[in-house]
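> With the input below, show me the fold.
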Amino acid sequence: MADSRIFGHTSKMIEKALDVSARRHDLIAGNIANMDTIGYKPRDLDFNKTLKRAMGKKEPDFLAKTDPRHLPTTQDDEKTITMNGENSEEVDIYHLDTVDIDREMMNLTQNNIKYRTTTEMLLRKMKILNYAIDEGGR
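Below you'll find the model as predicted:
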């Protein structure tokens, strides 16, 4: 799709913007879901910086493991993944309010506006393409 003349740079930019918006939505939703988790630190990303970075780099054709302890790259790997954890009875009452729900809801609203605006750009691009295919409505 990126090499086509019909779907050029603008479509690729819209695709990346929608991906970044979806990724940011997942982070914000995770922050809200873990609001009462003790010791949880909220995560977020800067939309503009992330989009610029996503537009500048080429996607790899393969996934390479640089360390043998990394997760398997294919489903053929027979290694099993184990997670070791400990149960704790200690409660840290001083770190219960690390997620500010008002800030997270504001971030969610801003992200929703960006996502909807980007979707509208994509729809308008498709309408222009449809208009061109119909030869201007003849």
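> Quick one: the strands in the chain, in order.
Per DSSP state E, the chain has no strands. Nothing in it meets that criterion.
> got any ranges where it has weak pLDDT?
1-6, 57-65, 71-97, 136-138 (pLDDT under 70).
> hmm, try it at 90
1-13, 15-17, 20, 34-101, 125-126, 128-138 (pLDDT under 90).
> for it, what spans make up the helices?
Under the criterion DSSP state H, helices of the chain are mapped to 9-33, 47-56, 101-133.
> Make JSON lines out of those and add distance to Tyr40 and mean neighbour count.
C-beta coordinates here come from the backbone N, C-alpha and C atoms, glycine included. As requested, the helices of the chain are exported to JSON lines (distance: least, C-beta to C-beta, whole Å; neighbours: other C-beta atoms under 10 Å):
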{"stretch": "helix 9-33", "distance to Tyr40": "8", "mean neighbour count": "16"}
{"stretch": "helix 47-56", "distance to Tyr40": "22", "mean neighbour count": "14"}
{"stretch": "helix 101-133", "distance to Tyr40": "12", "mean neighbour count": "13"}
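> Kindly reformat these as TSV containing distance to Pro68.
As requested, the helices of the chain are arranged in TSV below (distance: least, C-beta to C-beta, whole Å):
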stretch	distance to Pro68
helix 9-33	28
helix 47-56	28
helix 101-133	38
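> out of the ones you listed, which comes closest to Lys41?
Go through the helices of the chain one by one with C-beta to C-beta and the one that ends up closest to Lys41 is helix 9-33, at 9.1 Å.
> how far away is the closest residue to Asn111 other than its chain neighbours from Gly8?
Sequence neighbours aside, Arg24 is the residue nearest to Asn111 in space, at 5.1 Å (criterion: C-beta to C-beta, 6 or more residues apart in numbering). Noted for Arg24: a distance of 25 Å to Gly8, by C-beta to C-beta, to the nearest Å.
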